[in-house]
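Student: No sequence on hand, only this structure:
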């Protein structure tokens, strides 16, 4: 089975490519390296040096005897490239990670906001049109985020909501309350894709992913040249990844406000398994299927406490800081999100424990000399001029 | 009071500019004339010749002694222009009509879809950022459309819905089911604007307008050089405007499918009054206020019957055609939409009657020689490759 991965140079895209290649899928990746360019613009870099995508692929193909292909181009600007790539590789499934993935980046300036929405929305539209033209049966697996829902005062369902109003009923796309221009771009994408299912009978799985943590997968650990892009900075570093770097540096963990923000989380290895489950259980023609892709729920404060505890086991004295919240978000709220779809397909979760955090601390410690303190504290404010 | 009108060259923008100027507002208009360019690309033109925006403004200023100003530029591409215009004119309210307004146009090709979403979304984002920076108290009055809701099986509320789910309650943005890439662009805009209200305390009124009909306002009839851009074609002609042109030509009215599609409608003169009511009753700081802006509800078939009847009174033999539906939409459905907000502010509706349709028929008859038959029948199909 041929699987095309858009955004194959990224934190999740590259491990997904290796994992699926090893599982026996015929894999090709697409990227234009623009995330490396955005990183350079805001002055951040991966903690662990990563090789060029070309070198990583060549090395993977050398040591495994497998064959990942690559197509280098911009899916948001170059519709001809998207169509040619899909015609040429003729995939049965496409995993779509090719988006600007940072909420804070989208909130820096007018330009970073517009670039985020332009890149994400137009890239997804080009993808939809190319699939419709080449082969509407290709299964699109689109990475979204749990953050799109915001923190409603009602239970979060998997993408759709059965509503009763004034004695009548309907089933509607779950009403979302996205908390950044980045999250808004993902909501727009989902709405465009759901429409494409209605008019063109496309098959779409929307994976609303929780916050991913982790540095290593079974494939990245094979060799340093296979590392993925791990970030601890305020832009591209997710919360647990950031906390681990802070713990290693001996700086207080940057909990925003009261830390009562509760979020779904998952291990990077589970991301790969979830994507594989989605590929192997495709959406029906015309179906816009949504899974909430996370395995556990923690408040930010609980996460910080877990890092404190794991640090203690390694003789690290980790403290929890109090930071004014740079974001516009509720610090205490109801949160109860359904996430049974992927479990029903057979997901066996990797739960966060001391050992996992301690292994992360060990790896980060090895690269401690590369941590840039200037990039850790939050500087991007949601309500700044 | 200073009011800036974005899209001041358009079917509604230009009459709004004259109307508000006459009511004593200090008016400036912004446009980049791109709709004239889109029209030329798909080979359509207004039925009644219109002068350049510059000539229309000069003429208005000459005969009234009033002073409409103009700023020519692209709000989607040129953020500096948007900011400079707003700083320079320093309006208290901005009416935002500056969007690609046609559902069929957005469905023609990949390119027309991407251009619609790019233009509409990025233009609205540039507007939000300029207001946030210059003066967050400026009241944004954004034109949306009733079409964004689709045809849900529950009552349509004004923008927000009180939901009860599993015994808990929340108030959410009304879940929409937009029926075209154009409608999707408007939904995206609304979501971006609602977010700006939350983080920047902007004041926004979203006017979800029904289908507008009509050729004349009290201002356009003052002189031929003040006419507005009236379309009868499949791209930019709204349903009643199209039917009137068909009646004059003696061709069967293009009812799609069963004609049970039920829609909110309003007279072009009521659009102007609604916008004025919104200006005079501004949204609160941080409020995303939504009004459903229509006065009556008809099915497409009922509308066609009204045109048949009005034609009969003028000795025209009008027939109703049966066309395969080019759109993906329900032809029979529930439709009950609240529209009390503007009535509560004092709207006195102009109801559609025989006389109004007959006057439209008279005006169109005068320009009958300019009707291009090639542009009347629907050619854009929602599910074509």
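Tutor: Arrived safely, thanks for sending. Fair warning: this is a prediction, and the values are worked out from it, not measured in the lab. Numbers count the residues shown, from 1 in each chain, chains lettered A, B, ... in the order given.
Student: what helix or strand is residue A:24 on?
Tutor: In the assignment (DSSP states H and E), residue A:24 maps to no helix and no strand.
Student: and it, how far is that from residue A:167?
Tutor: Residue A:24 sits 53 Å away from residue A:167, taking Cβ to Cβ, to the nearest Å as the criterion. For the C-beta atoms, the positions are set from N, CA and C on the backbone; glycine is no exception.
Student: would you list every one of the helices in the stretch 1-150 of chain A?
Tutor: In the stretch 1-150 of chain A, helices defined by DSSP state H, counting those that start in this stretch lie at A:13-22, A:34-42, A:53-64, A:79-89, A:103-106, A:110-134, listed in chain order.
Student: now what about the second one, what contacts it?
Tutor: Outside helix A:34-42, the residues that touch it by Cβ atoms under 8 Å, 6 or more residues apart in numbering or on different chains are A:7, A:9-10, A:45-46, A:74, A:100-101, A:105, A:108, A:119, A:229, A:235-236.
Student: With the third one instead?
Tutor: For helix A:53-64, the external contacting residues (Cβ under 8 Å, 6+ apart) are A:8-9, A:14, A:18, A:21-22, A:29, A:31, A:33, A:50-51, A:66-68, A:70, A:72, A:219, A:222-223, A:225-226.
Student: hey, where'd the strands end up in the stretch 151-300 of chain A?
Tutor: Counting by DSSP state E, counting those that start in this stretch, the stretch 151-300 of chain A has strands at residues A:160-165, A:168-173, A:203-209, A:211-213, A:253-256, A:262-267, A:288-293, A:296-299.
Student: In terms of secondary structure, what does the second one contact?
Tutor: So that's strand A:168-173. Strand A:168-173 sits against strand A:160-165, helix A:181-200, with contacts defined as 3 or more Cβ pairs under 8 Å, 6 or more residues apart in numbering or on different chains; DSSP states H and E.
Student: hmm, back to that, what would the strands of the stretch 151-300 of chain A look like in JSON lines with mean pLDDT and mean neighbour count?
Tutor: Compiled in JSON lines, these are given as follows (pLDDT from 0 to 100; neighbours: other Cβ atoms under 10 Å in any protein chain shown):
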{"stretch": "strand A:160-165", "mean pLDDT": "98", "mean neighbour count": "16"}
{"stretch": "strand A:168-173", "mean pLDDT": "98", "mean neighbour count": "15"}
{"stretch": "strand A:203-209", "mean pLDDT": "98", "mean neighbour count": "25"}
{"stretch": "strand A:211-213", "mean pLDDT": "97", "mean neighbour count": "20"}
{"stretch": "strand A:253-256", "mean pLDDT": "94", "mean neighbour count": "22"}
{"stretch": "strand A:262-267", "mean pLDDT": "97", "mean neighbour count": "22"}
{"stretch": "strand A:288-293", "mean pLDDT": "98", "mean neighbour count": "25"}
{"stretch": "strand A:296-299", "mean pLDDT": "97", "mean neighbour count": "18"}
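Student: related to what we said a few turns ago, generate a PyMOL selection restricted to the buried entries among the contacts of helix A:53-64.
Tutor: Typed into PyMOL, the line below selects the buried ones among the contacts of helix A:53-64, using 16 or more other Cβ atoms under 10 Å in any protein chain shown:
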select buried, chain A and resi 8+9+14+18+21+22+29+31+50+68+70+219+225+226
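Student: pLDDT-wise, which helix or strand of chain A ranks last?
Tutor: Using mean pLDDT, DSSP states H and E, the weakest-scoring helix or strand in chain A turns out to be strand A:320-323, at a mean of 92.
Student: how far does that one sit from the chain's center?
Tutor: Offset of strand A:320-323 from its chain centre (Cα atoms, centre = their mean, to the nearest Å): 26 Å.
Student: who touches that strand?
Tutor: By Cβ under 8 Å, 6+ apart, strand A:320-323 touches A:251-257, A:259, A:301, A:304-305, A:308, A:377-378.
Student: Throw those residues into TSV and include distance to residue B:181, thanks.
Tutor: Output for those, formatted as TSV (distance: Cβ to Cβ, whole Å):
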residue	distance to residue B:181
A:251	47
A:252	48
A:253	44
A:254	41
A:255	42
A:256	37
A:257	39
A:259	41
A:301	43
A:304	44
A:305	47
A:308	49
A:377	41
A:378	36
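Student: So which of these sit within helices?
Tutor: Counting by DSSP state H, the contacts of strand A:320-323 place A:301, A:304, A:305, A:308 in helices.
Student: out of those, who's nearest chain B?
Tutor: residue A:301 (23.3 Å; Cβ to the nearest Cβ).
Student: Tell me the residue of the stretch 251-385 of chain A that sits nearest chain B?
Tutor: For the stretch 251-385 of chain A, Cβ to the nearest Cβ, closest residue to chain B: residue A:328, 4.5 Å.
Student: tally of neighbours for that residue?
Tutor: 15 (other Cβ atoms under 10 Å in any protein chain shown).
Student: which residues sit in contact with the nearest residue to residue A:359 once chain neighbours are set aside?
Tutor: Leaving aside its sequence neighbours, residue A:359 sits nearest to residue A:216 (Cβ to Cβ, 6 or more residues apart in numbering or on different chains; 7.6 Å). Counting by Cβ under 8 Å, 6+ apart, residue A:216 touches A:268, A:359, A:363.
Student: Separate out the buried members of those residues.
Tutor: A:268, A:363.
Student: wait, which of the contacts of residue A:216 is closest to residue B:200?
Tutor: residue A:268 (34.7 Å; Cβ to Cβ).
Student: For the closest residue to residue A:48 other than its chain neighbours, give its distance to residue A:237.
Tutor: Spatial nearest neighbour of residue A:48, chain neighbours left out: residue A:227 (4.9 Å); criterion: Cβ to Cβ, 6+ apart. Counting by Cβ to Cβ, the gap from residue A:227 to residue A:237 is 16 Å.
Student: and if you look at residue A:183?
Tutor: 17 Å.
Student: Likewise for residue A:147?
Tutor: On the measure of Cβ to Cβ, residue A:147 and residue A:237 end up 15 Å apart.
Student: go on, residue A:293?
Tutor: Counting by Cβ to Cβ, the gap from residue A:293 to residue A:237 is 20 Å.
Student: which residues does residue A:255 form a beta bridge with?
Tutor: Residue A:255 has these beta-bridge partners by DSSP bridges: residue A:322.
Student: Just to check, it is in contact with residue A:305?
Tutor: No. Look at residue A:255 against residue A:305 with Cβ atoms under 8 Å: they stay out of range, at 9.8 Å.
Student: Those residues of the stretch 201-350 of chain A touching chain B, which are they?
Tutor: By the rule Cβ under 8 Å from any Cβ of the partner chain, the part of the stretch 201-350 of chain A lying against chain B is A:328, A:334.
Student: Contact partners for residue A:356?
Tutor: A:214, A:267, A:350.
Student: Would you enumerate the residues in contact with the last one?
Tutor: In this structure, residue A:350 makes contact with A:266, A:267, A:269, A:270, A:295, A:356, judged by Cβ under 8 Å, 6+ apart.
Student: Neighbours of the fourth one, how many?
Tutor: In other words, residue A:270. 24.
Student: what's the closest non-adjacent residue to it?
Tutor: Per Cβ to Cβ, 6+ apart, closest to residue A:270 is residue A:350, 5.4 Å.
Student: is it fair to say that neighbour lies in a strand?
Tutor: No. Read with DSSP: H, G, I helix; E, B strand; the rest coil, residue A:350 is coil and lies in no strand.
Student: Alright, calling it a day.
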